[in-house]
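Engineer: Pasted the sequence and its predicted model underneath.
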Amino acid sequence: MIAELGNFALIVALMAALWQAVFPLMGAVRRDRALAAGSANSALAQLALIAFAFGCLTIAYAQSDFSVANVVQNSHSAKPFVYKLTGVWGNHEGSMLLWVLILAVFGAAVAMTRAGSLKVVTLAAQGAIAAAFIAFILFTSNPFERVLPAASDGMDLNPLLQDPGLIIHPPFLYLGYVGYSVTFAYAIAGLIRGRIDAEWARAVRPFALAAWVFLTIGIAIGSWWAYYELGWGGFWAWDPVENASFMPWLAGTAFLHSVRVVEKRGALKVWTVLLAILAFSLSLVGTFLVRSGILTSVHAFAVDPERGMFILAILALAIGGALTLFALRAGALRAEGAFQPASREGALIVNNVLLVTMTATVFIGTFYPLFIDVLTGERLTVGAPYFNAVFAPLTLLLLFAMAPGAVLAWKKGRLGAAFRQAAPAAGAAAVAMIIALWMTWPKSAAAAFAAGLAVWAGGGALIELARRVDLFSSPKRSLARFAGLPRSFIGMTIAHVGMAVVIIGAMGAGVWRTETVRLMNIGDVISAGGYEATLKSVDEVQGPNFISETATFDISRNGRQLDSFAAERRYYPVRQMQTTEAAIRTTFFGDFYLSVGERQTEAGWAVKAWYNPLVLWLWLGSGLLALGGVVAALPAAQRKPVQSPAAEGAPA
Amino acid sequence: MSRLFLYLPLALFALLAAWFAVGLRHDPSRIPSVLIDKPLPEFSLPAIEGHDNALSSENIVGEVALVNVFASWCVPCAIEHPQLMKIAAEEDLLITGINWKERPGDGAAWLRRLGDPYNYIGDDADGRVAIDFGVTGAPETFVVGHDGRIRYKQVGPITEQIWTEDIKPVVDQLRKEAEK
Amino acid sequence: MKAVSLQFLIVLMLAALLNMAAFAVEPDEVLDDPALEARAIEISRNLRCVVCQSQSIDDSNAPLAKDMRVIVRERLTAGDSDAEVYAFLVDRYGDYVLLKPPVQQNTVLLWAAPALVLLAACIGAAFFLMRMKRADEEAGDTAGDNAKPGL
């Protein structure tokens, strides 16, 4: 009964979404206020209905209702309860339901905003997207389908997904992907109304920031999960599905920068609205990529060409429609202000040039094998070594531009003065570079250079902060000035420092890591990065739905005894799968990371140890990025009326 | 001029969508063999336990033959096996097997249980010869012409349909070539 | 029900793939000569585990990846150059086995693309900036907004 109720709620939600897409728009055209006002209510109703449907599926999982096909395929009676609940979105159908639920949450958020000229059209665009995806679920991926007769037990959830990191990774990722639907809808509304201006920028920016923050957190959690769960200490593999989340992030980051030019100067409108369309389009392309099976990938859900065609049709309508509108209407947009090339606005454009090149690079690299396959039938692989090779110079350029970019004045600045102002950051960068070289010699000198540039980039942002608060006057005065700073400027500073920290972490974990591998018996010692681990015992432990081989190690550093930790290999009998649980000792400066392989005859167990310097900085930096986004999205502080609007801040 | 530029994103997207639509029909797991029309790799493998019909490339060259990569641990191989038995019974065709990465005795026991369709079987315990064939998984089957060149590669189990529609025509063609 | 059984098969296949995640280089493979071993690792990182997705044979625990790692080390010990080792595997598995495709006819576009996009973006940006500069100078108001630190 529960499944049928959920199914019914979803059908009604589809009707609500269709209504929202069509009638309020007609109301707006006919100036029928009552009809136009209905869109907010239908957005809220849609949220309630989808939440209800999602609740029904969750109950089916909680009760292990094995008459529902989706539960049979992804759950098991012995699975821990929390994973029964999170198993709801650990599969294609359930995760699509989460996707539309989040879409409805954003729709409701728009519905709660102040009524403005853009709202009705924005909600209509949102309704259309929601209708398309609810129809996709109902027609191709219905999670409420029954199996008759009911199965006696389920097939369990993929054990790699039975993990706290993967409980929260997809929701954040979808919050990010779907959040850009609001940016997209605003772009449609702005184009239809012919109004892409400061008001539009102010309305759309909080949503773009929210989506960006969620996506940042989602990607960071995903990479953290890969780091500790996949057992080889990697944090980013340039897998197609990872790239699918990275492309909207890059395009969204470009948008956050260019929208400042629209807000501040009323220029760069055509480009900014295109980026708004692009960010969500890339989210949709990502969805297509993951769920159509067009490129196989470890992360991909079950492959089905019919689903692929359906999503492709949605893509064609949404993206094709938006770009048609863009082609017809963007020409009417007129710049209101102007600026000199050497200015903050100019720096933001340099940022956009680089970020868009990066987006295109990831896109081309990801789809190139398919391109060649369709063209000639030849099979190629484009993997991490390619992406690392082409991404490195682009990243270095971006880091280089960040420091002068952060200190340049709006409208008309002086490049020479900007570099002079950033000079202390150059000093700090040189010091950082020398330290990195000294500590990691003879590892890659290029990585030390990159770390130095990261310090330069973060330093530039901090120097501008110091100038704005007049740091070297008196603490009281500085504090007062700090309180008066625009949130967007503080957010930008935090995010730029976060970016620098992420880059340094990536150099540590990606380039400066050291590894050893050996066969170990009880009492044997393995060492990496000054740590030593002694194998104490290997025990078989029975988990709820797995059997674990747990290897316990005593660890010491430079002769000093520390604690002990354990690495596991788990076997999940229902899925006949093995997972590894690495033993990790995390410090601010680096991780000692151990992974245990199969027992090899009497010689012992194969054990691999890594020292991953600064890997924690990856997540700390990601946290700073997200924090910067949150701060920038906060409502502006109460301004003193005397303050001129021109003193407003920097990009987020 | 600049108006035309505004149509550029739409045009690019249209190309992309068309290309995705074609791409959906492509099987991403398909890896074409680079060995097609190349001579069979030279190899010599010992016989599996309890058998005396060891396999080397010399056994194959000069005849139209199937080279089938199999293992007892491979689930789809068991699905394929009845079809191989049927081919062995119905066709006058050299069927050879490479027993891939098998513990001693497992392959022989498996064949005792399911029947033995092979004229020659080589024991490729360390998987070296399989790599010479560019094997990515089991089962895989190569069709070799009488001139010793590989002409066709089947990835995954041979089903009745695949046999009659894809492989048998190749075999018949190769036999015709051999008679000339 | 047919759809369900098909899905189950896919799940099985996926499971087989994922089973192979994890351990990678095993101690019995490691070469005694550290210089040779370093070359072996570097080569292994550029070779695709053909039964996995986006994993190099250095990262993969798949049995086939192990076989390929062993072969890489055998070839190196036999005195092959790096290029010869790559060629050995490309002869058997095609360019598909290379994670970093070589620059050749069907990859020219791939390798040129980032530079071409960057060039196009720079030209577009330069035109736009020049237009803005002209517009700014025509407006005659060239005072910076917050150029004065004391403001």
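Structural biologist: Received the coordinates, thanks.

Engineer: Pretty sure B:His143 sits in a strand.
Structural biologist: One thing to correct before we go on: residue B:143 is Val, not His. Yes - counting by DSSP: H, G, I helix; E, B strand; the rest coil, B:Val143 is found in a strand.

Engineer: In the sheet, which residues pair with it? Tell me.
Structural biologist: When bridges are called by DSSP bridges, B:Val143 pairs up with B:Leu66, B:Tyr152.

Engineer: any idea which element the residue of chain B found nearest chain A lies in?
Structural biologist: When scored by C-beta to the nearest C-beta, chain B has B:Leu10 as its residue closest to chain A, at 4.1 Å. For glycine as for every other residue, the C-beta is placed from the backbone atoms N, C-alpha and C. Assigning secondary structure by DSSP states H and E places B:Leu10 in helix B:8-23.

Engineer: Now do the next helix or strand after that helix: which elements does it pack against?
Structural biologist: Next helix or strand after helix B:8-23 toward the C-terminus (DSSP H and E): strand B:44-45. Identification of packing neighbours for strand B:44-45 by 3 or more C-beta pairs under 8 Å, 6 or more residues apart in numbering or on different chains; DSSP states H and E yields strand B:55-56, strand B:120-124.

Engineer: Quick check: longest helix in chain C by residues?
Structural biologist: helix C:108-139 (DSSP state H).

Engineer: Can that one be said to contact chain B?
Structural biologist: No - using C-beta under 8 Å from any C-beta of the partner chain, we find that helix C:108-139 stays clear of chain B, coming within 9.0 Å at best.

Engineer: Could you give me the buried positions within that helix?
Structural biologist: Of the residues in helix C:108-139, C:110-111, C:113-114, C:117-118, C:121, C:124-125, C:128-129, C:132-133, C:136 count as buried by neighbour count, 16 or more other C-beta atoms under 10 Å in any protein chain shown.

Engineer: how close does the residue of the stretch 1-150 of chain A found nearest chain C sit to A:Gly413?
Structural biologist: Nearest residue of the stretch 1-150 of chain A to chain C, counting by C-beta to the nearest C-beta: A:Ala69, 6.0 Å away. Look at A:Ala69 and A:Gly413: by C-beta to C-beta, to the nearest Å, they are 62 Å apart.

Engineer: Neighbour count: the two, which is higher?
Structural biologist: Per other C-beta atoms under 10 Å in any protein chain shown, whichever of A:Ala69 and A:Gly413 has more neighbours is A:Gly413, with 26 against 23.

Engineer: right, and the more buried one touches A:Arg344 too?
Structural biologist: Yes - taking contacts as C-beta atoms under 8 Å, A:Gly413 lies within contact range of A:Arg344: 6.6 Å.

Engineer: residues contacting the residue nearest the centre of chain B?
Structural biologist: With distances taken as C-alpha atoms, centre = their mean, B:Thr141 lies nearest the centre of chain B, 2.2 Å away. Contact analysis of B:Thr141 by C-beta atoms under 8 Å, 6 or more residues apart in numbering or on different chains lists B:Leu66, B:Val67, B:Asn68, B:Val69, B:Lys153, B:Gln154, B:Ile158, B:Ile167.

Engineer: between those, which is nearest B:Pro41?
Structural biologist: B:Val67 (10.1 Å; C-beta to C-beta).

Engineer: and C:Asp32, that's in a helix?
Structural biologist: No - using three-state DSSP, the assignment for C:Asp32 is coil, not a helix.
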